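Visitor: Predicted model, plus sequence, below.
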Number of protein chains: 2
Amino acid sequence: MSTYALIMAGGAGTRLWPLSRQRSPKQALRLVGERTMFQHSVDRVAELLPPERIFVATGAEQVAVLAEQAPELPFGNFIVEPSGRGTAPCIGLGALHLRRKDPAAVMAVVTADHYIQDAARFRQALAAAQQVAQAGHLVTLGITPSAPATGYGYIEQGEPLATVDGFPVFRVDRFTEKPDLDTAIRMVESGRYSWNSGMFIWRVDRIMEEFERQMPGFARQLAQIDAALGGADAQATLERIWSQVSKQTIDYGVMEHARDVAVIPVDIGWSDVGSWASVAELWPADGDGNVVNGPHIGVDTRDTLVFGGQRLIATIGVEGLIIVDTGDALLVCQRGREQEVREIVNRLKTEGRQEYL
Amino acid sequence: MSTYALIMAGGAGTRLWPLSRQRSPKQALRLVGERTMFQHSVDRVAELLPPERIFVATGAEQVAVLAEQAPELPFGNFIVEPSGRGTAPCIGLGALHLRRKDPAAVMAVVTADHYIQDAARFRQALAAAQQVAQAGHLVTLGITPSAPATGYGYIEQGEPLATVDGFPVFRVDRFTEKPDLDTAIRMVESGRYSWNSGMFIWRVDRIMEEFERQMPGFARQLAQIDAALGGADAQATLERIWSQVSKQTIDYGVMEHARDVAVIPVDIGWSDVGSWASVAELWPADGDGNVVNGPHIGVDTRDTLVFGGQRLIATIGVEGLIIVDTGDALLVCQRGREQEVREIVNRLKTEGRQEYL
């Protein structure tokens, strides 16, 4: 029984505009150090798994860029979704490929657009989760909350199931949607909740069983794709079926009502890198609270993120700004307003300014 | 008796960094409309004077750029100072050239790095000043103050001398240095002071007489240059003598103790364009107080100057910023701190980063 990774690398990440674009989505960016987010995610599992057991699910627009960034992976391990249909179909398609390769596979679903500072601890947790998954559980890695965040779903832990390699494992009582702040505070204070990181470990037969039970229509579509795979009309069948697949997340579609769901709460320095503010948190700040990437001269500058490149950026008398400089576009944003980067992207879409998307 | 203009165009204008550079000084920049500051200054006098009577004093580094911007001027009318020695030597060298051309010339000294919104009124004032100058006065155009500015010298008017074409003309009682704020407030309230704009109109024989009386050493140096002019060693003589010329301003060197100095206070929408804040004042603001030059998308953006070019600049939740975007450098500065742009330039000098100067 071998473990395989499925790196989900299909997202767009418009919240990191102007750096993230359709052709250079978040996972393809160098946001921490010299490696891209995608490369970090490959590196994280590559110490546990040989390249031939690392699979990547992504879109047609991105596959070339990602394959170039991970030349050590067999190109056949890149599973191309004809279009984005949410995490449930993405995982289903990945599971299909893994089952054909190894019906007894354990499948670790990991993300390409999150960052994990303590990669060693992540790998230990993954190894523990693998053992729990082998026993038939659908395991999710829950992130121990560092704050009452309202931007994530939460997982409520129930009875303890075991302790594996020092990691306590709990039955999952409930997946909850993004809470309001009061609810988030109560949940974090209770100590019984962790963030839903979107990382899952299970046997491929178990997740297929859940698709058949909870998403029977999608399971039939998968079976049609499966029947065509390896044949001459595999791609045509995939494209035809895929266009009829409904959008669904793995949380709503499967996890909320799945059997034998377990959570392993982990403290691994996880970040969803969901905004420029979270990018700033991943870099060391100087004595004035500034995080600087690229040439910069600051006069009386505080708590400012300067994310540039070749051009010199000079700042005078500014505080709490986010400055992101790219070849063709520049963002200057007050901290705390970084979620509104989406508004810029939406406006560009409305105005049809494709060159900036 | 004909009038000639001498446009002083030798300044650097480091306060408009990163747009102003050694090779593209303030007067060569398009800060208002499609014409450069220098072109505006040529345009202003070109409706009064034929091109052959418009002279330009500048430095060797800048003459090519400026000549290209004013191809209608005879290239021989560009007087090249071997190095910057302040306004007194600059004007002396210009006067020398004009005297050789026309000993009875009236000389209007105007600046290339200031902006005048009411150019028609400026020309009327110049025409009036010309008449006063013909009578032997050294005339200065005083700017009617719009605020108690502490960044300019002030001219105190004495007894009325005449009214010419509707312009009252006063004897000058005193040139004063840059005042502190309390003094500036008192001066502006008195109604007897105007700003020293650095624009002068006089007969060339009268200013030469003052150089001989007040700056006799420099007058002798001028005579040596004059003696060599037109000969084979004219340039070598100029360079040799010029390296010995002391730096001096026309205000200290001549005007403060000159005879028969007159002032014509004028209200012509004058701006010294001495900082990015004054550039912002020259452009129309939108309903949120933003002044925008170049592609921009703003979300909740107020009182901000966006001075860009080709690149898209997006701003979110910012107020009172100055954003200046050039090909190789970017400035983000809080309004009210724009004088500190000099600090950036000084730091670049100290660090020897010549490419940004």
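Guide: Thanks, I have the structure now. Numbers count the residues shown, from 1 in each chain, chains lettered A, B, ... in the order given.

Visitor: use CA for all of it now, contacts and neighbours both
Guide: Noted.

Visitor: number of nearby residues for the residue lying closest to A:Arg30 once chain neighbours are set aside?
Guide: Take A:Arg30 and drop its neighbours on the chain: the residue closest to it by CA to CA, 6 or more residues apart in numbering or on different chains is A:Thr36, 4.1 Å away. For A:Thr36, the neighbour count with other CA atoms under 10 Å in any protein chain shown is 20.

Visitor: can I assume A:Ala60 is in contact with A:Pro82?
Guide: Yes - using CA atoms under 8 Å, A:Ala60 makes contact with A:Pro82 at a distance of 6.5 Å.

Visitor: residue ranges for the helices of chain A, please.
Guide: A:37-46, A:63-69, A:87-101, A:119-134, A:181-190, A:204-214, A:216-228, A:234-242, A:250-253, A:276-281, A:341-350 (DSSP state H).

Visitor: What residues does the residue nearest to A:Arg30 make contact with?
Guide: A:Gln27, A:Ala28, A:Leu29, A:Arg30, A:Gln69 (CA atoms under 8 Å, 6 or more residues apart in numbering or on different chains).

Visitor: do A:Gly13 as well
Guide: Shown in contact with A:Gly13 (CA under 8 Å, 6+ apart): A:Ser20, A:Arg21, A:Pro25, A:Lys26, A:Gly274.

Visitor: which two of those residues lie the greatest distance from each other?
Guide: Pairwise distances across the contacts of A:Gly13 (CA to CA) peak at 14.4 Å, for the pair A:Arg21 and A:Gly274.

Visitor: near chain B, which residues of the stretch 1-150 of chain A?
Guide: Residues of the stretch 1-150 of chain A lying close to chain B (CA under 8 Å from any CA of the partner chain): none.

Visitor: Distance check, A:Cys333 against B:Leu321.
Guide: Applying CA to CA, to the nearest Å, the value for A:Cys333 to B:Leu321 is 11 Å.

Visitor: pLDDT weak spots in chain A?
Guide: Within chain A, no stretch falls below the threshold (pLDDT under 70).

Visitor: Across the sheet, point out what pairs with the spatially most central residue of it.
Guide: With distances taken as CA atoms, centre = their mean, A:Thr111 lies nearest the centre of chain A, 3.0 Å away. Legend: beta-bridge partners of A:Thr111 under DSSP bridges are A:Met8.

Visitor: Could you give the separation between the terminal residues of stretch A:168-184?
Guide: This stretch, stretch A:168-184, spans 23 Å end to end (CA to CA).

Visitor: which parts of it are buried?
Guide: Of all the residues in stretch A:168-184, those buried under the rule 16 or more other CA atoms under 10 Å in any protein chain shown are A:Val169, A:Phe170, A:Arg171, A:Val172, A:Asp173, A:Arg174, A:Phe175, A:Thr176, A:Lys178, A:Pro179, A:Ala184.

Visitor: before we move on, what about stretch A:189-197?
Guide: Buried residues in stretch A:189-197 (16+ other CA under 10 Å): A:Arg192, A:Tyr193, A:Ser194, A:Trp195, A:Asn196, A:Ser197.

Visitor: Then stretch A:113-128?
Guide: A:Asp113, A:His114, A:Tyr115, A:Ile116, A:Ala119, A:Phe122, A:Arg123, A:Gln124, A:Ala125, A:Leu126, A:Ala127, A:Ala128.

Visitor: Give me the neighbour count for A:Arg100.
Guide: If you count neighbours by other CA under 10 Å, A:Arg100 ends up with 12.

Visitor: Distance of it relative to chain B?
Guide: Distance, A:Arg100 to chain B, using CA to the nearest CA, to the nearest Å: 48 Å.

Visitor: ok, now which ones touch that residue?
Guide: Contacts of A:Arg100 by CA under 8 Å, 6+ apart: none found.

Visitor: hmm, try it at 10 Å
Guide: Shown here is A:Arg100, whose contacts under the criterion CA atoms under 10 Å, 6 or more residues apart in numbering or on different chains are A:Asp226, A:Leu229.

Visitor: again, but for A:Phe175
Guide: Contacts of A:Phe175 (CA under 10 Å, 6+ apart): A:153-157, A:193-196, A:251-252, A:255-257.

Visitor: Kindly state the domain boundaries assigned to chain A.
Guide: Annotated domains of chain A cover A:3-271, A:276-356 [automatic domain parsing].

Visitor: Over in the stretch 151-300 of chain A, which residue gets nearest chain B? Let me know.
Guide: Nearest to chain B in the stretch 151-300 of chain A, going by CA to the nearest CA, is A:Ile297, at a distance of 7.1 Å.

Visitor: So in terms of bridging, what pairs with that residue?
Guide: Beta-bridge partners of A:Ile297, counted by DSSP bridges, are A:Ala314.

Visitor: burial of it, as a residue count?
Guide: For A:Ile297, the count of nearby residues is 17 (other CA under 10 Å).

Visitor: same check, this time on the one 5 residues further on
Guide: As a burial measure, A:Arg302 scores 20 neighbours (other CA under 10 Å).

Visitor: Once you drop chain neighbours, what's closest to it?
Guide: Nearest non-adjacent residue to A:Arg302, counting by CA to CA, 6+ apart: A:Glu319, 4.7 Å away.

Visitor: quick one, what contacts the one you found?
Guide: By CA under 10 Å, 6+ apart, the contact list for A:Glu319 reads A:Asp288, A:Gly289, A:Asn290, A:Asp300, A:Thr301, A:Arg302, A:Asp303, A:Thr304, A:Leu305, A:Gln334, A:Arg335, B:Gln334.

Visitor: Excluding chain neighbours, give the residue nearest to the last one in space.
Guide: Counting by CA to CA, 6+ apart, the nearest residue to B:Gln334 once its immediate chain neighbours are dropped is B:Leu321, at 4.7 Å.

Visitor: The one you found contacts B:Thr304, correct?
Guide: Yes - counting by CA atoms under 10 Å, B:Thr304 is a contact partner of B:Leu321 at 4.7 Å.

Visitor: Where does the stretch 1-150 of chain A get nearest to chain B, which residue?
Guide: A:Pro18 (8.9 Å).

Visitor: residues touching that residue, list them.
Guide: Taking CA under 10 Å, 6+ apart, we find A:Pro18 in contact with A:324-331, A:341, A:344-345, A:356-357, B:312-314.

Visitor: Just name the closest of the residues you listed to A:Val204, please.
Guide: Nearest to A:Val204 among these is A:Leu357, at 36.6 Å by CA to CA.

Visitor: Burial check on the nearest residue to that closest one once chain neighbours are set aside, number of neighbours?
Guide: In space, and not counting its chain neighbours, A:Leu357 is closest to A:Arg21: 5.3 Å by CA to CA, 6+ apart. Residues lying near A:Arg21 (other CA under 10 Å) number 20.

Visitor: got it, and the one 10 residues further on?
Guide: By the other CA under 10 Å criterion, the neighbourhood of A:Leu31 contains 22 residues.

Visitor: A:Gln131 contacts A:Leu138, correct?
Guide: No - contact between A:Gln131 and A:Leu138 fails when scored by CA under 10 Å: they sit 11.1 Å apart.

Visitor: still on that earlier bit, how much space separates the residue nearest to A:Arg30 from A:His114?
Guide: 11 Å.

Visitor: Now stretch A:318-334: buried residues?
Guide: For stretch A:318-334, the neighbour count (16+ other CA under 10 Å) marks A:318-326, A:329-334 as buried.

Visitor: Pull the distance from that stretch to the chain's centre.
Guide: 25 Å (CA atoms, centre = their mean, to the nearest Å).

Visitor: coming back round to it: how about the residue nearest to the centre of chain A, what does it touch?
Guide: A:6-11, A:27, A:37-38, A:41-42, A:56-57, A:197-200, A:272.

Visitor: Now the buried members of those residues.
Guide: Buried among the contacts of A:Thr111 (16+ other CA under 10 Å): A:6-11, A:27, A:37-38, A:41-42, A:56-57, A:197-200.
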